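1. Here's my sequence, what's the structure:
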Amino acid sequence: MSGHSKWKTNKGKKMAADAKKGAAYTKLIKEITVIAREGGGNPDTNSKLRAVMQKAKEANMPSDNVKMAIKRGTGELPGVVYENVMYEAYGPGGVAVLIEALTDNKNRTTAELRNVMSKKGGNMAGAGSVSWMFTKKGYILIDKSQAKEETLMDIALEAGAEDFKADDKNYEITTAVADLEKIKQAIEAKGFKWLDAELTMIPSSSIKLAGNEAKQLLGLIDALEEHDDVQQVYANFDIPDEIIEQVNS
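-> Down below sits the predicted model:
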């Protein structure tokens with residue numbers, strides 16, 4: 001299981017019912033607004049909007065919030081104009097970090113993220129420094145208790161999945177960007193549920209970290225993800241389970 005996916009999944013369980021739900025709603029509202037502005041407010045014709053609306057539903061976000069965000073995006077209601085920005089950086093141990101942000105003030109966000117980096121042992125990098133290591137893919141994570149490996153592998157590959165992996169606890173399914181929704185539906189139709197299903201950036205290689213360096217990197221990623229303008233953080237680390245569980249606890 002990829003390091004950052006493991007970190008997100010463990011952290012997600014911990015955060016599910018805590019006070020950070022409000023921050024998650026804020027990030028989803030920004031994302032819905034931008035996607036509606038770029039592709040229109042009809043989820044039937046805007047697949048990105050359909051996907052993020054599903055994400056909002058899974059986060060138990062009130063439907064009124066979703067409707068208002070769509071209307072701000074389509075211009076039916078006044079609202080802030082957000083800009084998509086991708087930052088590139090290096091973390092402790094030379095780990096490559098991609099930071100996806102939505103901001104109404106790029107200069108402010110850049111300065112704030114640079115400050116987070118300097119405090120947490122990372123540093124910003126120029127455009128193209130690390131992005132070449134990542135490829136955008138669909139990603140589905142399923143607990144092993146849900147299904148036998150052969151059964152789930154057959155479903156996923158028949159629906160068009162590119163890759164299927166298993167570790168001690170989970171199955172990981174990788175898909176082309178355009179095929180994610182189709183494969184999710186095929187899995188759901190057989191009665192299985194996922195821990196995570198999203199578009200993500202998958203690294204071509206990973207860097208193993210342990211000890212204080214690993215904890216420092218997880219602290220950096222945590223601080224970046226807590227920033228209001230940051231939508232996603234991707235990194236190519238591989239950290240032992242016990243350290244991830246220790247930090248999460």
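2. remind me, longest helix of this protein?
-> Counting residues, the longest helix found in the chain (DSSP state H) is helix 21-39.
3. Next secondary structure after it?
-> On the C-terminal side of helix 21-39, the closest following helix or strand by DSSP states H and E is helix 47-58.
4. quick revisit: tell me the angle the longest helix of the chain makes with helix 47-58.
-> If you take axes from the mean of the first three to the mean of the last three Cα atoms, to 10 degrees, helix 21-39 sits at 160 degrees to helix 47-58.
5. which residues touch helix 21-39?
-> 15, 45-46, 48-49, 52-53, 55-56, 59-61, 65-66, 68-75, 79-82, 84, 102, 226, 228, 230-231 (Cβ atoms under 8 Å, 6 or more residues apart in numbering). C-beta coordinates here come from the backbone N, C-alpha and C atoms, glycine included.
6. hey, which strand is longest across this structure?
-> strand 134-143 (DSSP state E).
7. Give me the domain ranges for this structure.
-> Domain assignment for the chain by automatic domain parsing gives 3-74, 83-132+205-248, 134-203.
8. returning to that earlier point: which of the contacts of helix 21-39 are buried?
-> Buried by 16 or more other Cβ atoms under 10 Å: 15, 46, 48-49, 52-53, 55-56, 61, 66, 68-74, 79, 82, 102, 230-231, out of these.
9. For the protein, which segments count as strands?
-> Applying DSSP E to the chain gives strands spanning 83-90, 96-103, 123-125, 134-143, 163-166, 170-175, 196-203, 207-208, 230-235, 237-238.
10. For residue 222, which of those strands is the nearest?
-> Smallest distance to residue 222 across those (Cβ to Cβ): 9.2 Å, for strand 230-235.
11. Parallel or antiparallel, list what pairs with the closest one.
-> Sheet pairing for strand 230-235, assigned by DSSP bridges, gives strand 96-103 (antiparallel).
12. where does this protein have low pLDDT?
-> Applying pLDDT under 70 to the chain flags residues 1-21, 248-249.
13. Recalculate using a threshold of 80.
-> Along the chain, the parts satisfying pLDDT under 80 run over 1-23, 79, 241-242, 244-249.
14. From the centre of it, give me the residue that's furthest out.
-> Computed with Cα atoms, centre = their mean, the residue of the chain farthest from its C-alpha average is residue 76, at 28.7 Å.
15. list the contacts for the nearest residue to residue 203 once chain neighbours are set aside?
-> Nearest residue to residue 203 in three dimensions, chain neighbours excluded: residue 236, at 3.5 Å (Cβ to Cβ, 6 or more residues apart in numbering). Contact analysis of residue 236 by Cβ under 8 Å, 6+ apart lists 3, 4, 95, 96, 133, 134, 203, 204, 205, 206, 207.
16. Bridged to the fourth one, which residues?
-> Taking DSSP bridges, one finds residue 90 as the beta-bridge partners of residue 96.
17. That one is in contact with residue 206, isn't it?
-> No. In this structure, residue 96 is not within contact of residue 206 by Cβ atoms under 8 Å, at 9.4 Å.
18. who's more crowded, those two?
-> Neighbours per residue (other Cβ atoms under 10 Å) separate residue 96 from residue 206, with residue 96 holding more: 24 against 17.
19. thinking again about what came up before, if you compare the directions of the longest strand of the chain and strand 96-103, what angle comes out?
-> For strand 134-143 against strand 96-103, the angle by the same axes, to 10 degrees is 90 degrees.
20. tell me which residues in strand 134-143 are buried?
-> Buried residues in strand 134-143 (16+ other Cβ under 10 Å): 134, 137, 138, 139, 140, 141, 142.
21. Stretch 216-228 too?
-> Of all the residues in stretch 216-228, those buried under the rule 16+ other Cβ under 10 Å are 216, 217, 218, 219, 220, 221, 223, 224, 225, 227.
22. any idea how far residue 79 lies from residue 29?
-> According to Cβ to Cβ, to the nearest Å, residue 79 and residue 29 sit 10 Å apart.
23. Not counting sequence-adjacent ones, nearest residue to residue 120?
-> In this structure, residue 120 finds its nearest non-sequential neighbour in residue 220, 3.8 Å apart by Cβ to Cβ, 6+ apart.
24. All set now, cheers.
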